[in-house]
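# Give me coordinates for this.
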Amino acid sequence: MRNHHGSMGQEDEGEEINLTPMLDVVFIMLIFFIVTATFIKEAGIQVDRPDTVTAEFQEDASILIAISSTDEIWIDRKEREPRAVRGVIERLHSENPKGSIVIQADEDSTNEMLVIVLEAAKAAGVKNVAIAADND
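Below you'll find the predicted structure:
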């Protein structure tokens, strides 16, 4: 009987779920979100009102690109055609080579527009690209 119970005990131990990998993933995600939130806060991005960003901020840090809920692309306070995005990014990037790009995408916008903007940024040779999602 002891052997029988002994083997049952071992099976129970074997069935316990090891939570360590899940906790590792949770902590990594937590750190990622904290770092991202801190970066966005320091960059001074107005997520829901991209038109209120000051010219000083744009010269100082970043090129702000907004994608509206109707898939309109706004750069430098003007609406742009998707095919013109790369040229605009190249011009703004040449004025401020150290600046990064911040894409503020509305939650109702399509991923297709986001990909178009990301590809344009890559083609323009900009390495620092951040995406600020609008959660409202």
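
# Which of the helices and strands in this protein ranks last by mean pLDDT?
Using mean pLDDT, DSSP states H and E, the weakest-scoring helix or strand in the chain turns out to be helix 55-60, at a mean of 45.

# After that one, which helix or strand is next?
Per DSSP states H and E, the first helix or strand lying C-terminal to helix 55-60 is strand 62-67.

# got the buried residues for the helix or strand just after that following strand?
Per DSSP H and E, strand 62-67 leads on to strand 73-75 as the next helix or strand towards the C-terminus. With burial defined by 16 or more other CB atoms under 10 Å, the residues of strand 73-75 counted as buried are 73-75. (C-beta placed from N, C-alpha, C; glycine too.)

# Just the pLDDT for Ile73.
Looking at Ile73, its pLDDT is 90.

# just Ala105 next, same as before
86.

# who does it bridge with?
Ile67, Ala133 (DSSP bridges).

# my guess is it contacts Ala130, does it?
No - taking contacts as CB atoms under 8 Å, Ala105 lies outside contact range of Ala130: 11.2 Å.
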